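Enquirer: Pasting the sequence and the predicted coordinates here, then a few questions.
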Amino acid sequence: MPAFRRLTVPLALLLAAAVWLTLLVAATPARAALPLEDYAPYQPQTRCSPSAKSGTVVLRSWTVRRFGGSAGGISRACGGSGSEHKEGRAFDWTVDARRAADRKRVHDFLVALFAEDAEGNPDALARRMGIMYIIWNDRIWSAWNGFQAKAYLSSSCKSLRRCSATLRHRNHVHVSLTRFASRGLYSWYADRG
């Protein structure tokens, strides 16, 4: 057998093995290897599409499974004031600010979302989930403010004293997602569908 042919066969086998390995690795998504997303921009409701989006359902289920509480609503009927619920990209997590166990659940949830990752990136989980903002117990954590807690008062209320527990988000946590996140197109959702 000529020397050229003896080298070509092993080279072809090596090339085939490299292609196979590349395809295998590409078919196995690794969340940690995906680049970390930047802080989510604010995307207000602009259309009526209230059916629950897949990413919103997955994140709500994960939250209840991991931290307890109950799954609240996703969809809202269109009309009236704007809400990401009316695009199927916000969910409510039913917990009660008057109960110590629920306050701990929410605390643990927020700690997990806003923790640094192994590379020291702040708010890593919230960024990978595409969370725009969270409202709970008269506070809002928004991506555009680096998830720094701020006082919150619903535009439907003149004062906290004249505001219902629901509008103050004392009987549920509200979580709003970007459009891409609601469809599961951020790194956290890879292979969770």
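Expert: It's in.
Enquirer: pLDDT score for the spatially most central residue of the chain?
Expert: Centroid-nearest residue in the chain: residue 129, 2.7 Å away (criterion: C-alpha atoms, centre = their mean). Note for residue 129: predicted pLDDT of 98.
Enquirer: just checking, it touches residue 186?
Expert: Yes: between residue 129 and residue 186 there is a contact under C-beta atoms under 8 Å: 6.2 Å. Heads up, the C-betas are built off the backbone N, CA and C, glycines and all.
Enquirer: So the residue nearest to the centre of the chain versus residue 98, what's the distance?
Expert: From residue 129 across to residue 98, the span is 27 Å (C-beta to C-beta, to the nearest Å).
Enquirer: Also residue 64?
Expert: Counting by C-beta to C-beta, the gap from residue 64 to residue 98 is 19 Å.
Enquirer: which one of these two has more residues nearby?
Expert: Looking at residue 64 and residue 98 with other C-beta atoms under 10 Å, you find the greater number of neighbours at residue 64, namely 18 against 10.
Enquirer: Show me which residues of the helix or strand hosting the more buried one are buried.
Expert: For residue 64, the host element (DSSP states H and E) is helix 54-67. Taking 16 or more other C-beta atoms under 10 Å as the neighbour-count basis, helix 54-67 is seen to contain the buried residues 55, 56, 57, 58, 59, 60, 63, 64, 67.
Enquirer: do you know how far the residue nearest to the second one when sequence neighbours are not counted is from residue 84?
Expert: In space, residue 56 comes closest to residue 182 once its chain neighbours are excluded; the distance is 4.9 Å by C-beta to C-beta, 6 or more residues apart in numbering. Separation of residue 182 from residue 84 (C-beta to C-beta): 8 Å.
Enquirer: Comparing the two, which residue is more hemmed in?
Expert: Applying other C-beta under 10 Å to residue 182 and residue 84 shows that residue 182 carries more neighbours, namely 30 against 25.
Enquirer: Next, the contact list for the more buried one, please.
Expert: Going by C-beta atoms under 8 Å, 6 or more residues apart in numbering, residue 182 touches 53, 54, 55, 56, 87, 88, 89, 130.
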